[in-house]
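Enquirer: here's a sequence, model it:
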Amino acid sequence: MSTQLPELPKSFTATQCILFKEELLICGGKQTNDCYSYHTLKKQYKYICSYPNDVKLSGHCVVQLIHSQTNPNEIDLLSFGGQGKDTMKQTFSMKYKSVWEISDHNHHSNLKSENQSFNTWIRHNEDTNIGKFEDNLIGVRGLIGGKIMIYYNETIEKWHNTKRENKFGIQYHCFVPLTMNNEKVINHFILFCRNTGLLIKYDEQNQTFHYEKLPISTHTQEKINSVYKYSMKDKTWNECKITLPMKISLSFAILNDDTNVHVIGGLNGNNELKMHVSMNIEQLFEKAELLELPKAYELKKEIARLKEITIRAKRKTELLKKVTSRIKIKKDFKISQEWESRKIGMEALDKQLKEWDEEKRTELNEMNWDDIWSFDGAFEQARNNDFTRANSIPSIIKTLLGHRTSIKIDVNTTTKEFDEIIEKQNLIKQKIDEKYLQKIQLKKGADEAVMRYTECAKQYNDLCWMESDLEFQKQQKKQEIGYIDELLAFNDTFIKGFGRFTEDLQKLTQDNQKWIDEHWKELQQKWHKWNSQEIAIFIGHTLKCKKSKINLFHQTIQKNTIDSMALLKMSKKDWMDIFELKMFSQACIIHDSFAQTCHTYPIDAMSRGQEDIPKEYLCPLSKRIMADPVIALDGVTYDRSSIINHYHNLSYSSLTLDGELKLFPDSLLQQKIQNFLKSSK
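Expert: Okay, here's the model as predicted:
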């Protein structure tokens with residue numbers, strides 16, 4: 001939780017604050033020109049001074065001029081901005097001396113002195129004002145370092161330089177120096193404003209700016225009570241568990257001695273606040289992050305030690321820059337777009353497989369008779385859907401097999417690269433050990449060995465840099481291997497899933513067809529006992545009629561009291577007239593089919609020459625028409641019995657998964673073969 005501190009002397013909105021030893025200097029804001037000092041130990045406020053009465057502040061900026069300071073007990077402040085377009089700009093400076101070291105009597109006396117040299121805002125003349133008359137400096141922000149300031153009117157401007165570059169419209173933004181391991185990176189700045197995040201790099205030699213986009217917080221509301229932290233090292237946003245007492249905007253947050261963050265003033269709705277709260281810095285971090293803080297401190301000490309070595313030995317400067325840069329910069333592991341695309345494709349197939357698995361099916365015994373026997377009924381629709389899925393599954397399996405082949409290639413390639421890096425790393429480590437021993441021996445030598453020792457140390461440091469780089473490459477490849485291993489397992493899971501679904505679907509199709517064949521045969525066997533419904537089923541199924549037509553036949557049979565014996569006496573014309581068939585060919589078909597059923601005519605099979613059989617119907621092993629075509633892991637279609645009997649003699653590893661032969665039924669090809677055999681009879 002945040003800690004409530006003594007209430008501000010008055011409301012402060014869009015204020016500016018500067019840290020000076022144990023003091024927080026609060027410098028004016030909207031609706032107030034007064035400035036106060038808050039003592040963090042005494043927890044009290046003290047009046048400093050006020051801006052002139054004719055000045056209105058609306059998003060001004062106050063910075064500390066560190067380069068001009070000569071007395072450690074004083075600081076120089078610069079205040080500018082807060083005025084809109086086509087308004088005279090106001091710039092002020094102040095030499096501040098702690099008001100807590102001055103008695104109240106002397107303090108008020110000094111305020112009345114016209115020649116006071118400190119704790120008073122001194123107005124600049126027009127020639128030294130920051131900003132032009134036509135500039136909009138409402139919500140302006142600035143930093144000292146490369147002499148850079150940010151203007152709202154879509155301008156990034158370098159002070160004392162006439163060059164400008166129009167880039168982004170900004171106002172009341174967060175503008176801070178980039179720090180790594182608690183050290184400021186020279187001429188590097190971070191800017192956040194609404195939906196914009198920028199890393200700004202200023203090339204002081206060429207007087208040019210470079211920009212790099214940064215991730216922004218997903219929280220877009222202007223008034224919130226949540227607290228977010230941004231990692232300059234990892235370039236990530238995270239929400240803290242701690243919250244503020246209320247939703248606010250236009251407040252000011254400042255860090256005090258690396259231990260507490262003070263939040264001062266702001267708006268809650270339309271109400272200006274006197275709120276002043278603080279949060280311990282440890283409350284903003286998770287336990288794991290807190291454990292890293294001592295490491296960062298030690299890292300900072302190590303960098304300082306290296307800098308001392310640099311002063312004593314300038315020849316090592318280049319190495320120190322490399323090491324420091326290496327420590328500061330974290331290279332993120334990036335997933336290949338191709339791997340990500342494969343994963344997204346397999347996730348889509350996984351979703352489709354789950355939908356098919358979870359689809360509710362109606363058992364045939366629970367269906368109405370007309371839904372079963374009509375050619376637009378529920379059974380026919382379900383069977384068409386199953387055929388469509390069965391026809392699409394082979395191509396899906398082949399796609400997954402293609403992914404699997406590519407992934408295995410990636411696994412082999414990345415593993416090989418990983419092994420090569422380890423081999424190089426081990427070689428470098430061996431050389432490091434050798435050079436380290438050699439360095440120690442040379443160090444014991446006399447003054448004449450100093451040059452040799454220095455050269456050896458340089459080689460040692462270069463090798464350490466190489467080893468560090470290889471260690472990073474090794475970790476990166478290790479992450480890549482882990483990711484593509486997961487991708488391969490993901491792919492194999494889908495292959496097994498679709499294989500299982502295909503087998504289940506094929507079994508369901510075969511069971512349904514078997515049920516239809518058995519009941520059709522039973523229906524034909526008792527043709528002389530048919531009732532009106534069974535006669536309607538025979539006519540509708542033979543002519544492949546729709547559900548409505550079968551029901552119409554049923555009504556006609558009941559109306560004319562037609563039984564199976566009456567059907568024997570009907571001519572083809574009778575069939576056409578009574579059942580109102582549109583084509584005579586339909587009457588011929590039903591007449592002949594009924595006659596064939598009555599007399600159980602046999603069907604003589606016609607032989608067909610081997611040369612007329614399409615090659616895709618032949619098993620590549622047995623060279624015979626496949627009775628049960630299946631797809632193997634190598635993507636080739638075999639007859640099930642042939643591949644089971646001969647796969648040990650083929651490329652064993654390309655046909656097995658975890659030592660097990662994996663086969664996937666090809667329902668579409670099996671249907672083509674059955675149609676081919678029927679047409680040859």
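Enquirer: from here on, contacts and neighbour counts on C-alpha atoms
Expert: Fine.
Enquirer: nearest spatial neighbour of residue 375, skipping sequence neighbours?
Expert: Setting aside the residues directly before and after it, residue 375 is nearest to residue 546 in space (CA to CA, 6 or more residues apart in numbering), at 5.0 Å.
Enquirer: now do residue 412 against residue 342, distance only.
Expert: 17 Å (CA to CA, to the nearest Å).
Enquirer: who has more neighbours, the two?
Expert: residue 342 (19 against 13; other CA atoms under 10 Å).
Enquirer: what residues are up against the residue nearest to residue 375?
Expert: Listed by CA atoms under 8 Å, 6 or more residues apart in numbering, the contact set of residue 546 reads 374, 375, 376, 377, 540.
Enquirer: which of those has the largest number of neighbours?
Expert: For these, neighbours were counted using other CA under 10 Å, and residue 540 has the most, 25 neighbours in all.
Enquirer: what kind of secondary structure is residue 215 in?
Expert: Of the three states, residue 215 takes coil according to DSSP: H, G, I helix; E, B strand; the rest coil.
Enquirer: so it touches residue 236, yeah?
Expert: Yes. Between residue 215 and residue 236 there is a contact at 6.9 Å, judged by CA atoms under 8 Å.
Enquirer: shared neighbours of these two, anything?
Expert: By CA under 8 Å, 6+ apart, no residue touches both residue 215 and residue 236.
Enquirer: need the per-residue pLDDT for the residue nearest to residue 375.
Expert: Here the pLDDT value assigned to residue 546 is 93.
Enquirer: could you measure from it over to residue 365?
Expert: According to CA to CA, residue 546 and residue 365 sit 20 Å apart.
Enquirer: repeat that for residue 566.
Expert: For residue 566, the distance to residue 365 equals 30 Å [CA to CA].
Enquirer: quick check, residue 575 in a helix?
Expert: Yes. With three-state DSSP as the criterion, residue 575 is part of a helix.
Enquirer: that one and residue 583 touch, don't they?
Expert: No. Between residue 575 and residue 583 there is no contact under CA under 8 Å: 10.7 Å.
Enquirer: neighbour count winner among those two?
Expert: The residue with more neighbours, out of residue 575 and residue 583, is residue 575; 18 against 9, by other CA under 10 Å.
Enquirer: contact partners for the closest residue to the more buried one other than its chain neighbours?
Expert: Nearest non-adjacent residue to residue 575, counting by CA to CA, 6+ apart: residue 587, 5.5 Å away. Residue 587 sits next to 572, 573, 575, 576, 581 when contact means CA under 8 Å, 6+ apart.
Enquirer: now do the same for residue 587: its pLDDT.
Expert: On pLDDT, residue 587 comes in at 91.
Enquirer: just how off-centre is the one helix or strand it maps to within its chain?
Expert: When elements are assigned from DSSP states H and E, residue 587 belongs to helix 584-599. For helix 584-599, the separation from the chain centroid amounts to 66 Å (computed by CA atoms, centre = their mean, to the nearest Å).
Enquirer: pLDDT of the strand or helix carrying residue 511, averaged?
Expert: Assigned by DSSP H and E, residue 511 belongs to helix 450-525. Averaged across helix 450-525, the pLDDT comes to 88.
Enquirer: list the contacts for residue 123?
Expert: 90, 91, 92, 93.
Enquirer: output those residues in TSV, with distance to residue 240, secondary structure and neighbour count appended to each entry.
Expert: As requested, the contacts of residue 123 are arranged in TSV below (distance: CA to CA, whole Å; DSSP: H, G, I helix; E, B strand; the rest coil; neighbours: other CA atoms under 10 Å):
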residue	distance to residue 240	secondary structure	neighbour count
90	38	coil	22
91	37	strand	22
92	37	strand	20
93	37	strand	21
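Enquirer: mind putting the residues you listed into CSV with pLDDT and distance to residue 77?
Expert: Shown next, in CSV, are these (pLDDT from 0 to 100; distance: CA to CA, whole Å):
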residue, pLDDT, distance to residue 77
90, 92, 14
91, 94, 11
92, 95, 8
93, 94, 5
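Enquirer: mind putting these in a markdown table, distance to residue 416 included?
Expert: Output for the contacts of residue 123, formatted as a markdown table (distance: CA to CA, whole Å):
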| residue | distance to residue 416 |
| --- | --- |
| 90 | 66 |
| 91 | 64 |
| 92 | 65 |
| 93 | 64 |
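Enquirer: out of those residues, who's nearest residue 404?
Expert: residue 91 (67.6 Å; CA to CA).
Enquirer: go ahead and confirm the closest one touches residue 78.
Expert: Yes. Checked against CA under 8 Å, the pair residue 91 and residue 78 is within contact range at 7.5 Å.
Enquirer: helices along the stretch 51-200 of the chain, start to end?
Expert: Along the stretch 51-200 of the chain, counting by DSSP state H, counting those that start in this stretch, helices occupy 104-112.
Enquirer: what are the ranges of the strands in it?
Expert: 61-64, 74-80, 91-97, 122-123, 141-143, 148-151, 155-158, 164-166, 174-180, 183-193, 196-203 (DSSP state E, counting those that start in this stretch).
Enquirer: ok, of these, where does mean pLDDT dip lowest?
Expert: For these, mean pLDDT drops lowest on strand 164-166, to a mean of 40.
Enquirer: point out where the stretch 551-681 of the chain drops to low pLDDT.
Expert: Applying pLDDT under 70 to the stretch 551-681 of the chain flags residues 599-611, 680-681.
Enquirer: tabulate the strands of the stretch 51-200 of the chain (JSON lines), appending distance to residue 519.
Expert: Formatted as JSON lines, the strands of the stretch 51-200 of the chain follow (distance: least, CA to CA, whole Å):
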{"stretch": "strand 61-64", "distance to residue 519": "90"}
{"stretch": "strand 74-80", "distance to residue 519": "94"}
{"stretch": "strand 91-97", "distance to residue 519": "99"}
{"stretch": "strand 122-123", "distance to residue 519": "104"}
{"stretch": "strand 141-143", "distance to residue 519": "86"}
{"stretch": "strand 148-151", "distance to residue 519": "85"}
{"stretch": "strand 155-158", "distance to residue 519": "84"}
{"stretch": "strand 164-166", "distance to residue 519": "82"}
{"stretch": "strand 174-180", "distance to residue 519": "79"}
{"stretch": "strand 183-193", "distance to residue 519": "75"}
{"stretch": "strand 196-203", "distance to residue 519": "71"}
